[in-house]
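> What would the 3D arrangement of this be:
(one chain, ligands or ions: 2)
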Amino acid sequence: MNYKQLSKDFWHDGYLVLEDFFEPELMDPIDSNIRGHFGNNPEFWHEKEFLSKSKTEVIPWFPQNPDLPDYSEKMAAPFDTIEQDQRLGALTASLLGGGWNPLYSMVMYSKKGTVGQAWHQDCPPDDGEQFNMNRLVYTREISDDIGGQTVVMPESHRMGELPAGEPHEDLDGQVVLKPRRGTLVLLHGHTWHRVLPITGAFRFSTNYRACPAGTPTDITDICVYRNMRYCFSTNSVIEERLPAI
Ligand SMILES: O=C(O)CCC(=O)C(=O)O
Ligand SMILES: [Fe+2]
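Ligands and ions are numbered 1, 2, ... in the order given. From the prediction side, this is the model:
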């Protein structure tokens, strides 16, 4: 892998897509554990206000957090393997520098017929030096007949705050990603991104968030949407955003 070129591309575009990064043997156990955890009709987890106002319908799961009641070593094991993957670690260090820290892994599950995730930035872009990086692992294909494609705005990690406006509209210059099994997507936390509605079946991704050295561990507590800033630890809207007239 040419880390130098990948790092250049990441810092230019605000994201990287690496197909076939992980072998199917690493993906399949994760995929079946996620399916086993969620079953056929999982309940929503976030507050109703968040789900309706954010236009984001996801159900999270933190498979590696031993403090959660549903933790099991057996379920966590294949997630641990990815966390410890040498190639992923080396690539992360080449993008974020030495001393980077992993946050936690989080699975985000969306049911069929749900809206996906509206445009957002994972953390406020107020300080360009303070950000998380998503390391998104896809264990099954996200195809047009399923929906739930990930949409990114190239170079938006350098464009400041996502403009206020419609949560889910097409923006000029957006790029639609269709990850396959084994794809790794690296996404700067200030890059504008969203997930399209899920039309055909459920969809999910597993995110191993990471941060450069010196970043507060609650960096993703506040998420920027086009209609609000939302704080997850207090379950509250901390700023309403209205489009400029
Ligand atoms: O699931 C995806 O493709 C994107 C998820 C996302 O927005 C995130 O993990 O911050
Ligand atoms: Fe996100």
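> Report the contact partners of Lys55.
115, 117-118, 167-168, 225 (CB atoms under 8 Å, 6 or more residues apart in numbering). Heads up, the C-betas are built off the backbone N, CA and C, glycines and all.
> Give me the PyMOL select line for these, limited to the buried ones.
The PyMOL command for the buried members of those (criterion: 16 or more other CB atoms under 10 Å) is given here:
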select buried, resi 115+117+118+167+168+225
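> Could you dump the contacts of Lys55 into CSV and include distance to Arg209?
CSV is the format used below for the contacts of Lys55 (distance: CB to CB, whole Å):
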residue, distance to Arg209
Val115, 23
Gln117, 15
Ala118, 19
Pro167, 22
His168, 23
Tyr225, 18
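> show me which of the contacts of Lys55 neighbour ligand 1.
Gln117 (CB under 6 Å from any ligand atom).
> CSV for the contacts of Lys55, including pLDDT and secondary structure?
As requested, the contacts of Lys55 are exported to CSV (pLDDT from 0 to 100; DSSP: H, G, I helix; E, B strand; the rest coil):
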residue, pLDDT, secondary structure
Val115, 92, coil
Gln117, 95, strand
Ala118, 95, strand
Pro167, 94, coil
His168, 93, coil
Tyr225, 96, strand
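> which one among the contacts of Lys55 gets closest to Glu19?
Gln117 (21.8 Å; CB to CB).
> For the closest one, which non-adjacent residue is closest in space?
Leaving aside its chain neighbours, Gln117 sits nearest to Val195 (4.0 Å; criterion: CB to CB, 6 or more residues apart in numbering).
> Kindly report the same for Asp122.
Using CB to CB, 6+ apart and skipping the chain neighbours, the partner closest in space to Asp122 is Gly189 (4.0 Å).
> Just list the residues touching that neighbour, thanks.
121-123, 131-134, 157, 219-220.
> Just name the shakiest helix or strand of this structure by mean pLDDT.
Scoring the helices and strands of the chain by mean pLDDT, DSSP states H and E places helix 48-54 at the bottom, with a mean of 74.
> Run me through the strand neighbours of whichever helix or strand comes after that helix, direction for each.
The helix or strand immediately downstream of helix 48-54 is strand 59-61, counting by DSSP states H and E. In the sheet, strand 59-61 lines up against strand 101-110 (antiparallel) (DSSP bridges).
> Would you mark the buried spots in the partner strand?
Here strand 101-110 shows 103, 105-110 as buried, counting by 16+ other CB under 10 Å.
> Any part of that strand near ligand 1?
Yes - shown here: strand 101-110 in contact with ligand 1 (CB under 6 Å from any ligand atom) through Met108.
> ok, residues contacting that strand?
Under CB under 8 Å, 6+ apart, the answer for strand 101-110 is 34, 37-38, 42, 57-65, 79, 82-83, 116-117, 132, 148, 195, 198, 202-211, 213, 215, 217, 219-220.
> Got a PyMOL select line for the buried ones in the residues you listed?
Buried residues among these (16+ other CB under 10 Å), as a PyMOL selection:
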select buried, resi 34+37+38+57+58+59+61+62+63+64+79+82+83+116+117+132+148+195+198+202+203+204+205+206+207+208+209+210+211+215+219+220
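> Can you tell me which of the contacts of strand 101-110 end up in helices?
Among the contacts of strand 101-110, the residues falling in helices (DSSP state H) are 34, 37-38, 79, 82-83.
> Now find how far off-centre stretch 103-110 is within its chain.
In terms of CA atoms, centre = their mean, to the nearest Å, the centre of stretch 103-110 is found 7 Å from the chain centre.
> then it to CSV, C-alphas only?
Provided in CSV are the C-alpha atoms of stretch 103-110 (Å, rounded to 0.1, in the frame of the first residue of the first chain):
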residue,chain,number,x,y,z
LEU,A,103,-12.6,5.7,20.2
TYR,A,104,-14.9,2.7,20.1
SER,A,105,-16.5,0.5,17.5
MET,A,106,-20.1,1.2,16.7
VAL,A,107,-22.5,-0.7,14.4
MET,A,108,-25.2,1.4,12.9
TYR,A,109,-28.2,-0.6,11.7
SER,A,110,-31.0,0.8,9.6
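> With that, I have no additional questions.
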